Structure formats: C-alpha cells, structure tokens
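**Q** Provide a 3D model corresponding to the input given below.
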Amino acid sequence: MRTIRVVIAKPGLDGHDRGAKVIARALRDAGMEVIYTGLRQTPEMIVAAALQEDADVIGLSILSGAHMHICPKVMALLTEKGLGHVKVLVGGIIPDVDREKLHAMGVTGIFLPGSPMQSIVDFIREQVPSRAEVI
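**A** Presented below is the predicted three-dimensional model:
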C-alpha cells in the first residue's frame, strides 16, 4: 500500500509557520509522507510541488486573511494541471462567511486554530482512500 502524501504550504507573505510545522509533524507521526514547502509560496509553486511529489493532499496554512485570493488560484491551477483529484485543506483564521465559498470552489476541509490533530489525521484518512502501489 502507498502512504498518503501531503504537501504542506505557507502561501503569501505570512511568516508564521509554527502551526504548519506542528501539523506536518502530526501527519508524519500518523504515518503519512509530508513535504513541507516552506514560507512564502505562490500558488504556482504549491501546485508544482503537488505535481512533482504526486501528492494526495495539499494543506494550506493561511493566517494572513488572503485565503479568498490564494485558494481560487490554487484550485484553478490544480484543474489546469489535471490534479483535480488532489484534496485541498485550509488551516488558519477563516471567517464563517468565507467557509461556504471555499467549499463551493472545491476546498475539501477547513481547520481553525485549536483543531485537534487527530481530527485532521482522521479527516485526511477518510478523504484519501488507500491506493495499491503501481509497479
């Protein structure tokens, strides 16, 4: 069986990545393969990493309030690159009014500060079925 591959990214100019690193470690501890792209990633860089790493999930950590600017670009690029199957999760400060809009554009999950790590792990496992490795 192939392990779930997750790209964790910090898009935009927000330099606070402690939460993203905590999530990355929790997912690794749960047996997932995690690729952390680092700070100040553009949507193009994030989607390129997902393509290169054969990601099942992209986790975007956005605390800057730019989620309604960044997420549509990421979702459009995923479709353009034939990666519509990749699940996109957004973590950070997301106002109630924007959550439905994010889901409508294809964001699979939204996690606010303080979300239990196990709930994120469980959500990803539910969303990404195990795949047999192709040889």
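
**Q** Only C-alpha atoms from now on, for both contacts and neighbour counts.
**A** Fine.

**Q** for the chain, what's the longest helix?
**A** Longest helix in the chain by number of residues (criterion: DSSP state H): helix 67-80.

**Q** which stretches of this protein form strands?
**A** Read by DSSP state E, the chain holds these strands, from start to end of the chain: 5-9, 33-36, 57-62, 87-92, 109-111.

**Q** Save those as JSON lines, and put in mean neighbour count, mean pLDDT and distance to Pro43 too.
**A** Shown next, in JSON lines, are those (neighbours: other CA atoms under 10 Å; pLDDT from 0 to 100; distance: least, CA to CA, whole Å):
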{"stretch": "strand 5-9", "mean neighbour count": "25", "mean pLDDT": "98", "distance to Pro43": "9"}
{"stretch": "strand 33-36", "mean neighbour count": "20", "mean pLDDT": "98", "distance to Pro43": "14"}
{"stretch": "strand 57-62", "mean neighbour count": "25", "mean pLDDT": "97", "distance to Pro43": "10"}
{"stretch": "strand 87-92", "mean neighbour count": "22", "mean pLDDT": "97", "distance to Pro43": "12"}
{"stretch": "strand 109-111", "mean neighbour count": "19", "mean pLDDT": "98", "distance to Pro43": "18"}
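
**Q** Can you check which of those gets nearest to Gly15?
**A** strand 57-62 (9.9 Å; CA to CA).

**Q** What sits closest to Gly31 if chain neighbours are left out?
**A** The shortest distance from Gly31 to any non-neighbouring residue, by CA to CA, 6 or more residues apart in numbering, is to Thr3 (7.2 Å).

**Q** was I right about that neighbour contacting Glu33?
**A** Yes: using CA atoms under 8 Å, Thr3 is in contact with Glu33, at 6.5 Å.
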